[in-house]
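# Sequence and computational prediction follow.
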Amino acid sequence: MRVIRYVWNMSAGIFASAVLCAALFLFLSCSDDDRKVIVCWGDSLTSPGYKNNFKGHVKHFFQGNKKYPEFFQDLLGDDFEVVNAGVGGENTLTIMARQGAYPMRLAHDVVVFRSGKKAYKTFVGNNDVPAFVSSYNGKKVAPLLQNGWDDASSAQISPCRIGDEEYELSSESIFWKESEGFLHEYNYYIERVEAIDRNDTLKAGTEVVTYAMQHLRNCYANIFFMGQNGGFSDVADLIRQLKAMIRYSGSDRFVVVSFHKPNKVIKTISRMKEMEDSLHAAFGEHYLNLRDSMLINGLEYADLKPSDEDTDSIKVGQVPPQLLLPDGIHFKTEAYEVIANLIYRRFTALY
C-alpha cells in the first residue's frame, strides 16, 4: 500500500489547497495498481463456492459453481478488480465486523502462549464459549463459519491486528445433517504472525482490526448483499447497519441488493415486500430488489422456459425453482450470471 505524505504551509494563501489534499488522501489507497476496486460484501450467496484445496478446485473447474462476483468481473473487464468478500454462514453483524463499520471485540481475556521455540495456536472460543462480540450491540459475532472454504480471498480478516501485534485468525468447523436440519460446531484459534518469547494477555473488549479494515476502505465502490442469515432485529435495523457500512467504506458508489427468501426475521413474502419498499425508500436507485427482479426476468435472462412449478412459485412471490439449488436458497450458476448482469446494469447506470 502506498502511503502518501505531504506538508503544507498553513498560510491563508494555500489553505484551501491543503484542505483538498487532506480530503483526497484521508485513507490509504485501496489498490497498488490503476484498476478500480469494487468490494462485494456478503454471505454464502456471494462467497466462492469451492474448497481451497485441489479437490475443491477440480470440482469448481468441471462443475462451474461461479458466484455473481466472478461474472461481474467478466462484465466489467480489466479496468476493474472485483474483490469477493463473502463468507458462508455469516449474518449481518459478522459481515459488518469484518468490514469494520462496527468491529468485533474479544469476548473475554485471551492468553497467547509462547513455549521455547514453538509458538502455539491459542484457543479463543467455540459454540459454547463466545470468542467475539459485536461493538454494535454486544451480541455474539461468528466469523469464518465455513472454514476450509476460500477464506484467503473472501474473508478479508487475516492478518488482523489485536492490540499492538498482528495475528492470524482461524477456525476448525464442521457441518453435518441430522433429521431435518443442519448442525454446526466450530473452534476459533489465533496465533502471532511474528513469534515473540513471552506470554501475552489480550484483554476482553480489545478490538480486532481486520485485514479489510486496514486495506479495503476508500475503494472505488462496494456491493452489499446480506441479510439472509439474519443478524438484524427488523428492517430499520438492517438499514442502519447498511448505512454504517456505506459510511465506513469511504465511497459513495454502492449498490444494495436484498436477499430473496423469508428468514427468521422477515418471515413471510408480505413482510419481504414491506422490507423491499423500505430499502428502496432508504437507498433509491442504489437499491436492487433481487427477489422481484428474478420473478420478472430471471427465467428469461437465464434462457429457461417456466415449468408449472416455476409458474406456481412466481404467483406467490417466490423465486422460480429452476433458478435455485435443491436447498431452495442458493442459486444455480446460470442464475448467478443473471444476478451479475442485473447488478452490472444498475451499477453502470449509476456510474
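Thanks, I have it.

# Do a quick rundown of the helices in this protein.
Assigned by DSSP state H, the chain shows helices spanning 15-24, 54-63, 68-76, 92-99, 151-154, 211-215, 235-249, 269-283, 290-293, 299-301, 308-315, 333-350.

# most neighbours per residue, which of the ones you listed?
Highest mean neighbour count among the helices of the chain (mean count of other Cβ atoms under 10 Å): helix 92-99, with a mean of 27. C-beta coordinates here come from the backbone N, C-alpha and C atoms, glycine included.

# Show me what counts as buried in stretch 166-174.
For stretch 166-174, a neighbour-count test (16 or more other Cβ atoms under 10 Å) marks Glu166, Tyr167, Leu169, Ser170, Ser171, Ser173 as buried.

# Show me the strands in the stretch 151-300 of the chain, by range?
160-162, 165-178, 181-192, 200-202, 208-209, 221-225, 254-257, 287-288 (DSSP state E, counting those that start in this stretch).

# Just the terminal-to-terminal distance for stretch 110-130.
Terminal residues of stretch 110-130 lie 12 Å apart, using Cα to Cα, to the nearest Å.

# swap in stretch 183-201?
Using Cα to Cα, the distance between the terminal residues of stretch 183-201 is 32 Å.

# Might you report the residue contacts of Tyr351?
Ala221, Arg253 (Cβ atoms under 8 Å, 6 or more residues apart in numbering).

# mind redoing it with 10 Å?
Lys36, Ile38, Tyr220, Ala221, Arg253, Phe254, Val255 (Cβ atoms under 10 Å, 6 or more residues apart in numbering).

# Export the residues you listed as CSV, with columns for neighbour count, pLDDT and distance to Ala97.
Output for the contacts of Tyr351, formatted as CSV (neighbours: other Cβ atoms under 10 Å; pLDDT from 0 to 100; distance: Cβ to Cβ, whole Å):
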residue, neighbour count, pLDDT, distance to Ala97
Lys36, 17, 98, 26
Ile38, 26, 98, 21
Tyr220, 16, 98, 23
Ala221, 20, 98, 21
Arg253, 17, 98, 23
Phe254, 22, 98, 19
Val255, 23, 98, 21
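
# For Met104, state which of those is nearest.
Nearest to Met104, judged by Cβ to Cβ, of the contacts of Tyr351 is Phe254 at 22.3 Å.

# I figured the closest one hits Asn222, correct?
Yes. Look at Phe254 against Asn222 with Cβ atoms under 10 Å: they come within range, at 4.8 Å.

# Between the two, which contacts overlap?
Common neighbours of Phe254 and Asn222 (Cβ under 10 Å, 6+ apart) are Ile38, Val39, Trp41, Met245, Ile246.

# Out of the residues you listed, the closest to Glu194 would be?
Set against Glu194, the nearest of these by Cβ to Cβ is Val39 (27.7 Å).

# now the end-to-end length of stretch 130-143.
Per Cα to Cα, stretch 130-143 runs 11 Å from first to last residue.

# tell me the mean pLDDT over that stretch?
For stretch 130-143, mean pLDDT is 97.

# which of the residues in that stretch are buried?
Applying 16+ other Cβ under 10 Å to stretch 130-143 flags Pro130, Ala131, Phe132, Val133, Ser134, Ser135, Tyr136, Lys140, Val141, Ala142, Pro143 as buried.

# can you put those residues in JSON lines and add distance to Leu76?
JSON lines is the format used below for the buried residues of stretch 130-143 (distance: Cβ to Cβ, whole Å):
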{"residue": "Pro130", "distance to Leu76": "39"}
{"residue": "Ala131", "distance to Leu76": "36"}
{"residue": "Phe132", "distance to Leu76": "34"}
{"residue": "Val133", "distance to Leu76": "37"}
{"residue": "Ser134", "distance to Leu76": "32"}
{"residue": "Ser135", "distance to Leu76": "33"}
{"residue": "Tyr136", "distance to Leu76": "32"}
{"residue": "Lys140", "distance to Leu76": "36"}
{"residue": "Val141", "distance to Leu76": "31"}
{"residue": "Ala142", "distance to Leu76": "32"}
{"residue": "Pro143", "distance to Leu76": "28"}
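
# Among those residues, which one sits closest to Phe80?
Pro143 (26.6 Å).

# residues in contact with the spatially closest residue to the closest one that is not a sequence neighbour?
When the adjacent residues along the chain are set aside, Pro143 lies closest to Thr94, with 5.3 Å between them (Cβ to Cβ, 6 or more residues apart in numbering). Shown in contact with Thr94 (Cβ under 10 Å, 6+ apart): 43, 87, 104, 132, 134, 139-145, 226, 229, 231.
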